[in-house]
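Asker: this one's structure only:
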């Protein structure tokens, strides 16, 4: 089918009408809601989060569809504790700023065995998640996260292809939205939040800089081999560092390390709040 046939197809009329509505609303506060409706018709997700990321600052939530009884688990915990271990956040930090990606394409090799996954992600009941990435300013990236619940992946190859095809359109819409609405969010994006401060200071007195880098990778779900690749060191070196980390922090497992980190986050949060 050539382009003329595609545009002349009656089945495409509703899509182009919706697209025109999105374009008219691109600079308005209503865009996230209209975008949610459009994407839901396309792939039928269960949850949506539209977050804005700037450097390693706490993500700024722009839009979501979480009911009040699920906000503590799905949103508040993410924004207060979990975001630094999120594969989407890390992907943005590593330079990803366009396109559509599944979580499993970005996650570390031991992500589903990590305490972060069991403590936060699994509790959401999601079986699949897709992020639509869009750079909206020189140092700001927006991510539309579409979550799917159930026992197994619900995103077909065809649906994933459709999302990848429309990702540039979504990016253009979000760019226009940020151009006209972003001024209302900038101050909040600049805030430095407890989790980043906690990562900066966790184990600071007991661990070396290299050991703290390994802690971050292990908590995010990297295996020994994956952490070694990330840091360009040998597997054996990572194992030695991990042994030292456990000894110096007086823990005997990665689960204890994770709980110690959460306790440290809570402490830093109280100190900053006071």
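Answerer: Yes, it's here. All values reported here derive from a predicted model rather than from experimental measurement.

Asker: Was I right to think residue 128 contacts residue 102?
Answerer: Yes: the criterion here is C-beta atoms under 8 Å, and residue 128 meets it with residue 102 at 6.8 Å. Yep, even glycine has a C-beta here, placed from its N, CA and C like the rest.

Asker: so where does residue 264 fall, helix or strand?
Answerer: Per DSSP states H and E: residue 264 is located in helix 254-273.

Asker: Can you show me the strands along the stretch 1-150 of the chain?
Answerer: 47-53, 60-64, 98-102, 126-137, 140-149 (DSSP state E, counting those that start in this stretch).

Asker: Surely residue 244 touches residue 210?
Answerer: No: Residue 244 is beyond contact range of residue 210, at 9.9 Å (criterion: C-beta under 8 Å).

Asker: ok, the residue nearest the centre of the chain to residue 252 distance?
Answerer: Closest to where the C-alpha atoms of the chain average out (C-alpha atoms, centre = their mean) is residue 88, at 3.2 Å. When distance is defined by C-beta to C-beta, to the nearest Å, residue 88 is 31 Å away from residue 252.

Asker: now swap in residue 78 and tell me
Answerer: From residue 78 to residue 252 the distance is 28 Å (C-beta to C-beta).

Asker: Neighbour count: those two, which is higher?
Answerer: The residue with more neighbours, out of residue 78 and residue 252, is residue 78; 22 against 10, by other C-beta atoms under 10 Å.

Asker: what residues does the helix of greatest length in the chain touch?
Answerer: Secondary structure assigned by DSSP state H gives helix 157-181 as the longest helix of the chain. The set of residues external to helix 157-181 that reach it, using C-beta atoms under 8 Å, 6 or more residues apart in numbering, is 19, 22-23, 26-29, 31-32, 35, 39, 42-43, 52, 98-100, 102, 130, 132-137, 140, 142, 144, 146.

Asker: circling back to that earlier point, chain center to the helix holding residue 264: distance?
Answerer: Offset of helix 254-273 from its chain centre (C-alpha atoms, centre = their mean, to the nearest Å): 21 Å.

Asker: Show the average pLDDT along that helix.
Answerer: Across helix 254-273, pLDDT averages out at 84.

Asker: Run through who's touching it.
Answerer: Residues outside helix 254-273 that contact it (C-beta under 8 Å, 6+ apart): 80-81, 115-116, 119, 194-195, 197-198, 201-202, 215, 218-219, 245-246, 249, 251.

Asker: cutoff 7 Å now
Answerer: Applying C-beta atoms under 7 Å, 6 or more residues apart in numbering, the contact partners of helix 254-273 are 81, 115, 194-195, 197-198, 201-202, 218-219, 249, 251.

Asker: In the stretch 151-274 of the chain, where is pLDDT below threshold?
Answerer: Low-confidence segments of the stretch 151-274 of the chain (pLDDT under 70): 152-153, 192-194, 272-274.

Asker: can we see that at 50?
Answerer: For the stretch 151-274 of the chain, the stretches with pLDDT under 50 are 274.

Asker: Can you add mean neighbour count and give the strands of the stretch 1-150 of the chain back as CSV?
Answerer: Below are the strands of the stretch 1-150 of the chain laid out as CSV (neighbours: other C-beta atoms under 10 Å):
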stretch, mean neighbour count
strand 47-53, 22
strand 60-64, 18
strand 98-102, 18
strand 126-137, 21
strand 140-149, 23
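
Asker: now the ones you listed as TSV including distance to residue 162 and mean pLDDT?
Answerer: Below are these laid out as TSV (distance: least, C-beta to C-beta, whole Å; pLDDT from 0 to 100):
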stretch	distance to residue 162	mean pLDDT
strand 47-53	16	95
strand 60-64	21	95
strand 98-102	9	97
strand 126-137	11	95
strand 140-149	12	96
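
Asker: Using JSON lines, please lay out those strands together with distance to residue 225.
Answerer: Formatted as JSON lines, the strands of the stretch 1-150 of the chain follow (distance: least, C-beta to C-beta, whole Å):
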{"stretch": "strand 47-53", "distance to residue 225": "28"}
{"stretch": "strand 60-64", "distance to residue 225": "35"}
{"stretch": "strand 98-102", "distance to residue 225": "22"}
{"stretch": "strand 126-137", "distance to residue 225": "24"}
{"stretch": "strand 140-149", "distance to residue 225": "28"}
